[in-house]
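The following block contains a protein sequence and its predicted model.
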Amino acid sequence: MAKKIGIIGGGIVGLSSAYYLVQKGHRVSILDSGNFTAGCSFHNMGMIVPSHFIPLASPGMISKGIRWMFDSTSPFYIRPRFDLDLIKWGYQFYLSSSAIQTRKAIHALRDLSLLSRALYSDLAKELPFDFGFRDRGLMMLYRSREAEHEEIETARMANELGIEARVLSHEQVQQMEPNVRVSVKGGVYYPGDAHLMPHQLVTGLINYLKEKGVEFISEYSVTGFNTSGDKISGVYSGSMYSEFDEVIISAGSWSGHIAKLLNLRIPLQPGKGYSFTSQGMSNTVQVPSIFVEARVAVTPMADTVRFGGTMELSGFDSKINMKRISGIVNSIPTYYPDLTIEPPSVSDIWYGYRPCSPDGLPYIGRPSKISNLTIATGHAMMGLSLGPATGKLVCEIVEGISPTIGLKPFDPERLR
Ligand SMILES: Cc1cc2nc3c(=O)[nH]c(=O)nc-3n(C[C@H](O)[C@H](O)[C@H](O)COP(=O)(O)OP(=O)(O)OC[C@H]3O[C@@H](n4cnc5c(N)ncnc54)[C@H](O)[C@@H]3O)c2cc1C
């Protein structure tokens, strides 16, 4: 039976959910506090990364994080402050970093990632617009012996998990990048990864879904809910009110605040990251890469190249930290010596808040007390990658059919 569905948040997760729900004949409205371009999904790095099967919460991350915190140009920072949510989040991160917990999370992430990767291949064929999808893989590039050791170990685990990884020498990396000189010890190549142009995907999906009858309501910041028994009957934005049979919360980093309105605890911290895009770069970088030591991501997008990185746990802080931007800019000629990129001006820098759960897994599922609500958030550094799989699972939850992959690891109440 067709249902009236309200999706709160129109980033990649909300749009992907709408895509699969409307295919099943449901009447879908997407409510967004902005105009659908303010979230994290718009100018991210565009990488589709089954290679990233190790969650952020993993052995060794805490000691690495502490070392990085004392370097103002480093890729990671926590603004010290007394914030009970942050303290609880940090404790849950610590508990989730054990070898046993990480192993469990790895299998769940692998399954979700491979499903999403396959769905992206389908979308590239099905959608009637170009979103720059390219399946050229991804290279993890390293310069130090320590990083080489870690990356080769990760490659070994990847191959065991069924994710192809090839260890490359310096010469082999150079062959992959014939137009730019590389200065690395070597790299690991993940041929199954892909990339796309996120702004083209998001704007293309909005136009496509409008044609399919999805209603887009901008400037609708959800401020409350009307409940009756174990169901949500409607959603408020100030004095505006809309009724729905089913509600999806997919508002990225803001989802925790929205869930609180329903007395639900969804632990999330906004993990701020930056990107900037250099023009006129058509004959330079061909394959997306990550500079392992610098934690900087590089993605070719048509005749531009996008650079991005950093993870700042500073709350919703809109200040642009130019020291961290310098950290990104200065790392570029270290790995690609002939690429000198001018530091971008403040107006050319984009930032987004990654919705980070403490255990590095997204929340996908129904909370036990509300029978017509689905939570879909917490994808951290991989929301673009995992969007289609999440959307498909949301649709299966709403339809009440058996999910394509097990939902238990993504239970929104697992960290209460
Ligand atoms: C620098 C950077 C690079 C990244 N690169 C990659 C990458 O290469 N690959 C990858 O997979 N991921 C990447 N990510 C992560 C990815 O961008 C996010 O995980 C993903 O965009 C999250 O999507 P979302 O739909 O959950 O949230 P968002 O895109 O943030 O959307 C949430 C929406 O909710 C709306 N909203 C908020 N509050 C309310 C409210 N009260 N009522 C109604 N609406 C509301 C917002 O306006 C927004 O439109 C990157 C992130 C950053 C910062």
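Noted; the coordinates are in hand. Numbering: from 1, shown residues only.

need the contact list for Gly46.
By C-beta atoms under 8 Å, 6 or more residues apart in numbering, the residues touching Gly46 are Gly132, His195, Leu196, Met197, Pro198, Pro288, Thr299, Met301, Arg306, Leu384. To be clear about C-beta, it is placed using only N, CA and C from the backbone, and glycine gets the same treatment.

ok, of those residues, which one's closest to the ligand?
Leu384 (3.4 Å; C-beta to the nearest ligand atom).

Mind giving me the ChimeraX select for the contacts of Gly46, buried ones only?
Of the contacts of Gly46, the buried ones can be selected in ChimeraX as follows, counting by 16 or more other C-beta atoms under 10 Å:
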select :132,195,196,197,198,288,299,301,306,384
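
got the contact list for Pro55?
Shown in contact with Pro55 (C-beta under 8 Å, 6+ apart): Ser96, Thr102, Ala105, Ile106, Leu109, Asp359, Gly360, Leu361.

got a pLDDT number for it?
Pro55 carries a pLDDT value of 91.

so it sits in a strand?
No. Judged by DSSP: H, G, I helix; E, B strand; the rest coil, Pro55 forms no part of a strand; its state is coil.

for the ligand, what are the nearby residues on the stretch 1-150 of the chain?
Within reach of the ligand by C-beta under 6 Å from any ligand atom, the stretch 1-150 of the chain has these residues: 8-14, 31-34, 36, 38-41, 44-47.

re the thing from before, pipe the contacts of Pro55 into JSON lines and attach neighbour count and pLDDT per row.
Putting the contacts of Pro55 into JSON lines (neighbours: other C-beta atoms under 10 Å; pLDDT from 0 to 100) gives the following:
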{"residue": "Ser96", "neighbour count": "22", "pLDDT": "93"}
{"residue": "Thr102", "neighbour count": "19", "pLDDT": "93"}
{"residue": "Ala105", "neighbour count": "22", "pLDDT": "94"}
{"residue": "Ile106", "neighbour count": "18", "pLDDT": "96"}
{"residue": "Leu109", "neighbour count": "24", "pLDDT": "97"}
{"residue": "Asp359", "neighbour count": "25", "pLDDT": "95"}
{"residue": "Gly360", "neighbour count": "27", "pLDDT": "95"}
{"residue": "Leu361", "neighbour count": "25", "pLDDT": "97"}
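
Assign the residue nearest to Tyr274 when sequence neighbours are not counted to helix, strand or coil.
Leaving aside its sequence neighbours, Tyr274 sits nearest to Tyr351 (C-beta to C-beta, 6 or more residues apart in numbering; 5.0 Å). On the three-state scheme (three-state DSSP), Tyr351 is labelled strand.

Inside strands: which ones of the contacts of Gly46?
His195, Thr299, Met301, Arg306 (DSSP state E).

Nearest to Lys272 among these?
Nearest to Lys272 among the ones in strands among the contacts of Gly46: Arg306, at 16.7 Å, using C-beta to C-beta.

surely the closest one meets Thr277?
Yes. Using C-beta atoms under 8 Å, Arg306 is in contact with Thr277, at 4.6 Å.

How about the residues of the stretch 251-400 of the chain by the ligand?
251-252, 254, 258, 273-275, 308, 352, 354-355, 377, 379-385.

Going through the residues you listed, which ones are buried?
In these, burial by neighbour count holds for 251-252, 254, 258, 273-275, 308, 352, 354-355, 377, 379-385, counting by 16+ other C-beta under 10 Å.

Among the residues you listed, name the ones in strands.
Using DSSP E, Gly273, Tyr274, Ser275, Gly308, Gly352, Arg354, Pro355, Thr377 are the members of these that sit in strands.

possible to save the residues you listed as CSV with pLDDT?
Converted to CSV, those look like this (pLDDT from 0 to 100):
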residue, pLDDT
Gly273, 96
Tyr274, 96
Ser275, 97
Gly308, 97
Gly352, 97
Arg354, 97
Pro355, 97
Thr377, 98
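
before we move on, back to that, inside strands: which ones of the contacts of Pro55?
Taking DSSP E, every one of the contacts of Pro55 sits outside strands.

could I get the residues you listed as JSON lines with distance to Ser221?
Below are these laid out as JSON lines (distance: C-beta to C-beta, whole Å):
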{"residue": "Ser96", "distance to Ser221": "31"}
{"residue": "Thr102", "distance to Ser221": "36"}
{"residue": "Ala105", "distance to Ser221": "32"}
{"residue": "Ile106", "distance to Ser221": "36"}
{"residue": "Leu109", "distance to Ser221": "31"}
{"residue": "Asp359", "distance to Ser221": "28"}
{"residue": "Gly360", "distance to Ser221": "28"}
{"residue": "Leu361", "distance to Ser221": "27"}
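
Mind listing what's buried along stretch 30-40?
Using 16+ other C-beta under 10 Å as the burial criterion, the residues of stretch 30-40 that qualify are Ile30, Leu31, Asp32, Ser33, Phe36, Thr37, Gly39, Cys40.

Between all of those residues, which two are separated the most?
Leu31 and Cys40, at 17.3 Å, using C-beta to C-beta across the buried residues of stretch 30-40.
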